[in-house]
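A.B. asks: sequence unknown, structure follows:
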């Protein structure tokens with residue numbers, strides 16, 4: 001696999017992650033819901049497991065917030081780079097690519113949260129699933145469109 005395909009996966013993942021965040025913030029505005037604390041909790045768990053000192057209580061809270069957001073972008077980029085490897089750098093039908101990318105990112109995200117003991121999806125309500133699913137659909141569609149835009153056409157046109 002060529003480096004260009006991995007770089008395109010990185011770009012598609014970053015664009016998809018931005019779309020996921022926009023969809024999440026729109027949901028917060030529409031439903032007047034607070035921000036999720038899951039990213040910060042995940043960052044705190046990772047810091048605990050790795051014995052990373054985040055500093056005083058105030059500094060640690062700020063660092064958990066920043067680390068949580070960066071971990072989210074990292075998962076979004078990792079999903080798209082994995083997709084690039086899976087597809088061997090080839091364009092894909094947008095709906096297939098969107099399902100693979102969105103499903104992959106959602107699995108990485110929810111799987112990480114579950115493994116870290118931050119949440120248990122088996123206890124989620126329908127609204128919780130929708131609040132998680134809709135941003136990942138936005139991620140998948142946006143990352144897929146970006147991927148296909150960046151990758152060369154196999155038909156030469």
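C.D. replies: Arrived safely. This one's a predicted model, so the numbers in the text were calculated from it and none came from an experiment.

A.B. asks: all helices for the chain, in order.
C.D. replies: In the chain, the segments counted as helices under DSSP state H are 3-31, 38-49, 57-86, 94-115, 126-150.

A.B. asks: I'd like the distance between the spatially most central residue of the chain and residue 138.
C.D. replies: Central residue of the chain (Cα atoms, centre = their mean): residue 76, 3.3 Å from the mean position. Going from residue 76 to residue 138 by Cβ to Cβ, to the nearest Å gives 11 Å. (Each C-beta comes from the backbone N, C-alpha and C, glycine too.)

A.B. asks: give me the common contacts of those two.
C.D. replies: Common contacts of residue 76 and residue 138 (Cβ atoms under 8 Å, 6 or more residues apart in numbering): 16, 20.

A.B. asks: distance of the closest residue to residue 87 other than its chain neighbours relative to residue 49?
C.D. replies: Spatial nearest neighbour of residue 87, excluding adjacent residues (Cβ to Cβ, 6 or more residues apart in numbering): residue 97 at 7.7 Å. In this view, residue 97 and residue 49 are 33 Å apart by Cβ to Cβ.

A.B. asks: who's more crowded, those two?
C.D. replies: Neighbour totals were compared for residue 97 and residue 49, and residue 97 leads with 23 against 9 (other Cβ atoms under 10 Å).

A.B. asks: next up, the contacts around the residue nearest to residue 87.
C.D. replies: 83, 87, 140, 143, 144, 147, 148.

A.B. asks: with respect to residue 109, which of these is nearest?
C.D. replies: residue 140 (12.3 Å; Cβ to Cβ).
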